[in-house]
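Undergrad: Sequence and computational prediction follow.
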Amino acid sequence: MRSFDYSPLYRTTVGFDRLFDMLENSVRSDWPPYNIEKNGENDYRITMAVAGFGLDEVELVQNGPELSVTGQRKPDQQNREILHRGLATGNFKQVFKLADHVKVKAANIHNGLLSVDLVREVPDELKPRCIEIGSEARAVPLQDSGNKQSIDSEPQRKVA
């Protein structure tokens, strides 16, 4: 990961401190790594590598078309000195945009992988339906200044 030095910009800008703080402390969008799979016509699965996070440290929230996965580590209670930190220990938040009518069916953590099963459930009233076409000719009343006509009949003509 690249690290940028924003100190020269601090000297030439006023009032942008918060922006530079956000850039320096920004959350990585590529971590934790994840896969999105299509398991059927309406079945999907998101698999995220969340090694080291417990069940009580990962939260899934679906708010309309957004699925938010947040990992918040609890503070380490053990007093130990770490000589090399190679494992990622930071918090994360990943937001997925879901299509219409996609809902979370199940979620579980196994061997450091969070699996979120999704299903698209389109309501019956929104599904395409076949409409039967009849062959019987029917008279349809038309509103024309008080005269009712039918589609099958000829219009009345006045002879002068």
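TA: Alright, I've got the coordinates. What you see is a predicted model, and the numbers here were worked out from it, not measured in a lab.
Undergrad: pLDDT weak spots in this structure?
TA: For the chain, residues meeting the criterion pLDDT under 70 lie at 1-30, 88, 137-160.
Undergrad: can you map out the strands along it?
TA: In the chain, the strands defined using DSSP state E lie at 34-38, 43-49, 58-63, 66-71, 92-97, 102-110, 113-120.
Undergrad: Buried residues in the last one, which are they?
TA: When neighbours are counted by 16 or more other Cβ atoms under 10 Å, the buried residues of strand 113-120 are found to be 114, 116, 117, 118. Using the backbone N, CA and C atoms, a C-beta is placed for each residue, glycine as well.
Undergrad: start to end distance for stretch 107-122?
TA: With Cα to Cα, to the nearest Å as the measure, the first residue of stretch 107-122 is 21 Å from its last.
Undergrad: what sits up against it?
TA: If you take Cβ atoms under 8 Å, 6 or more residues apart in numbering as the criterion, stretch 107-122 is touched by 42-53, 55, 58, 60, 67, 69, 98-99, 101-106.
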